[in-house]
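> Below: sequence and its predicted model.
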There are 2 protein chains.
Amino acid sequence: MTAEKPVRRRDAEATRQSLVEAAAELFAERGYDRTTVRAIAARAGVNQALLFRYFGSKTALFGEVVALDGRRQLRETPAESLLEAALRNLLTPVGDAPGDRSLEVFLRSVGGDDEAARTSRRLTEEYAGVLAGLSDAEDAELRSALVLAWLLGIGLTRVVVRQEPLAGADPEHVCRLMLDAARTLLERLP
Amino acid sequence: MTAEKPVRRRDAEATRQSLVEAAAELFAERGYDRTTVRAIAARAGVNQALLFRYFGSKTALFGEVVALDGRRQLRETPAESLLEAALRNLLTPVGDAPGDRSLEVFLRSVGGDDEAARTSRRLTEEYAGVLAGLSDAEDAELRSALVLAWLLGIGLTRVVVRQEPLAGADPEHVCRLMLDAARTLLERLP
DNA sequence: ACGCGATGTAAGCACCTGCTTACAAAGACG
DNA sequence: CGTCTTTGTAAGCAGGTGCTTACATCGCGT
């Protein structure tokens, strides 16, 4: 996919990519509202007018970030492992693994009722849908929604609020406690 | 405490009160960031310069709101009932009961690392402390933090994101599912 | 070699934010 | 009545926001 031409000093695709990457980082760090287009352009090392040339608006760029990067974990993980994988991902410090940070983006961007918030909400619906397959109960969807809510709450406390003792706790320990309790709700959890 | 003088057309205490009430509503509805001082003053029917005369800054007003209103439920509820009470409060539509909306304020205001965010975080530490008394396990504090995280996650999904099926679910049903699972963690839950 | 579209840039616009200031009016008190 | 503090108001400031515009420059196709 690389090396079509040896060197390109002007490269629309590359600057587009830089913008998407910078935006993904910043949205995960600060959420949608608190991320400015100037900050995105600066981190990408790109003039901010280009952001609007390539994406049209800050909201549209946000949509692209969620669409491109946000569904990796969802795509690559089987249902039975999804909860544990997402939980471990949330519990692993960002520097230590390349992990999917889409839930962080979500957590930091809820609250508005604008297009960006709606975009990130759609992502959690997909998680809930997958999780619902892990129970045969009549209220499987409510059960999966409750478990997902727990995951989000843990993420909120751990990554956004950084509140002890959860923030510093051993991921294994947290996993065990949480998954044991969650099995009360979704009987097919491993 | 009322009726010192029959009628006061100019009343600093009353306008202060109006500002606190308007601010409490708006912070719960929109969170700290998305609430403007102009909106607070408008809802209070008061000139916005008075907000600064009486409170000094938007942040200080936020602190007053959390301090005055935010600890009601915490003060008035015994530990064993706190989780269920807070959960029911979160699950009850705002119009239907006068309830304490401090957790909503918290949920909508996390994300920043400014003074306002810190103020609202302190509140959740108090919840966690009370909940930790419900287990004799060595890791009682982690367990209570996990349960609190669940509560916050449910609140996030229900009041902030308003996502089905949790948003429209029967409060009794949700309570039963959640409390059953939470007993795995805190053995003294009723 | 050169024209022209693709790419990058500097400046600025219109609006919103928290907060301040200079001033008007109301009421208490002599 | 006249003064003086308390309460309320209108206007605006400095800085930040998303986004636009007018223009410079690069490099590919001919």
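Looks like it came in fine.
> For the spatially most central residue of chain A, give me the pLDDT.
Centroid-nearest residue in chain A: residue A:102, 0.8 Å away (criterion: C-alpha atoms, centre = their mean). On pLDDT, residue A:102 comes in at 79.
> Now do the same contact list for it.
If you count contacts by C-beta atoms under 8 Å, 6 or more residues apart in numbering or on different chains, residue A:102 has them with A:66, A:69-73, A:120, A:123. In this view, the C-beta of every residue, glycine as well, is placed from N, C-alpha and C.
> make it 6 Å
Residue A:102 makes contacts with residue A:70, as judged by C-beta atoms under 6 Å, 6 or more residues apart in numbering or on different chains.
> and chain A, which of its residues are near chain B?
With the criterion set to C-beta under 6 Å from any C-beta of the partner chain, chain A comes near chain B through A:31, A:108, A:110-111, A:121, A:141-142, A:145-146, A:149-150, A:152-154, A:156-157, A:160-161, A:165-166, A:169, A:177, A:180-181, A:184-185.
> where does chain A have its least confident helix or strand?
In chain A, the helix or strand scored least confidently by mean pLDDT, DSSP states H and E is helix A:102-109, which has a mean of 81.
> now the closest residue to residue A:142 other than its chain neighbours: how far from residue B:158?
Of all residues not flanking residue A:142 in the chain, residue B:165 sits nearest, at 5.0 Å (C-beta to C-beta, 6 or more residues apart in numbering or on different chains). Remark: distance between residue B:165 and residue B:158 (C-beta to C-beta, to the nearest Å) = 10 Å.
> So for these two, which residue has more residues nearby?
For residue B:165 versus residue B:158, the count of surrounding residues by other C-beta atoms under 10 Å in any protein chain shown is larger for residue B:158: 24 against 18.
> what's the more buried one sitting at in phi/psi?
Main-chain dihedrals, residue B:158, degrees, to the nearest 10: phi -80, psi -50.
> ok, it - contacts?
Taking C-beta under 6 Å, 6+ apart, we find residue B:158 in contact with B:166-167.
> one more time with 10 Å, if that's ok
A:145, A:149, B:87, B:90-91, B:93, B:104, B:107, B:166-169, B:171, B:174 (C-beta atoms under 10 Å, 6 or more residues apart in numbering or on different chains).
> What of residue A:77?
A:83-86, A:89, A:100, A:130.
> and what of residue A:170?
A:91, A:176, B:139, B:142.
> repeat for residue A:159
With C-beta under 10 Å, 6+ apart, residue A:159 has these contacts: A:28-29, A:90-91, A:93-94, A:101, A:103-104, A:107-108, A:167.
> which of the residues in stretch A:141-149 are buried?
Neighbour-count burial for stretch A:141-149 flags A:141-149 (criterion: 16 or more other C-beta atoms under 10 Å in any protein chain shown).
> What segments of chain A are helices?
Counting by DSSP state H, chain A has these helices, from start to end: A:12-30, A:37-44, A:48-55, A:58-69, A:72-76, A:79-91, A:102-109, A:115-132, A:140-155, A:171-182.
> Redo these as a markdown table? Include distance to residue B:14.
Formatted as a markdown table, the helices of chain A follow (distance: least, C-beta to C-beta, whole Å):
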| stretch | distance to residue B:14 |
| --- | --- |
| helix A:12-30 | 39 |
| helix A:37-44 | 43 |
| helix A:48-55 | 47 |
| helix A:58-69 | 42 |
| helix A:72-76 | 53 |
| helix A:79-91 | 47 |
| helix A:102-109 | 38 |
| helix A:115-132 | 36 |
| helix A:140-155 | 39 |
| helix A:171-182 | 49 |
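> ok, of those, where does mean pLDDT dip lowest?
helix A:102-109 - the lowest mean pLDDT of the helices of chain A, at a mean of 81.
> Would you mind writing the CA trace of that helix as PDB?
The C-alpha coordinates for helix A:102-109 follow below in PDB (Å, rounded to 0.1, in the frame of the first residue of the first chain):
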ATOM      1  CA  SER A 102     -13.200   4.500  20.800                       C
ATOM      2  CA  LEU A 103     -14.900   4.000  24.100                       C
ATOM      3  CA  GLU A 104     -12.800   6.800  25.500                       C
ATOM      4  CA  VAL A 105     -13.900   9.000  22.700                       C
ATOM      5  CA  PHE A 106     -17.400   8.100  23.500                       C
ATOM      6  CA  LEU A 107     -17.100   8.700  27.200                       C
ATOM      7  CA  ARG A 108     -15.600  12.100  26.700                       C
ATOM      8  CA  SER A 109     -18.000  13.200  24.100                       C
END
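> could you check the angle helix A:115-132 makes with it?
130 degrees (axes from the mean of the first three to the mean of the last three C-alpha atoms, to 10 degrees).
> how close does residue A:166 get to residue B:137?
Taking C-beta to C-beta, one finds residue A:166 at 15 Å from residue B:137.
> Have a look at those two and say which one is more surrounded.
Using other C-beta under 10 Å as the criterion, residue A:166 and residue B:137 rank with residue A:166 on top: 23 against 14.
> Quick check: nearest residue in space to that one, chain neighbours excluded?
residue B:145 (4.3 Å).
> Ok, residue A:186 next?
Residue A:186's closest residue in space is residue A:134 (C-beta to C-beta, 6+ apart), at 4.2 Å.
> what sits against that neighbour?
With C-beta under 10 Å, 6+ apart, residue A:134 has these contacts: A:79-80, A:82-83, A:140, A:143-144, A:147, A:182-183, A:185-190.
> Repeat that for residue A:155.
A:86-87, A:89-91, A:103-104, A:106-108, A:161, B:149, B:153, B:156.
> Pick the one among the residues you listed closest to DNA strand D.
residue A:108 (13.9 Å; C-beta to the nearest atom of the strand).
> where's the closest one relative to residue A:26, distance?
From residue A:108 to residue A:26 the distance is 10 Å (C-beta to C-beta).
> Between those two, which is the more surrounded one?
Taking other C-beta under 10 Å, residue A:108 and residue A:26 do not tie; residue A:108 has more neighbours (26 against 21).
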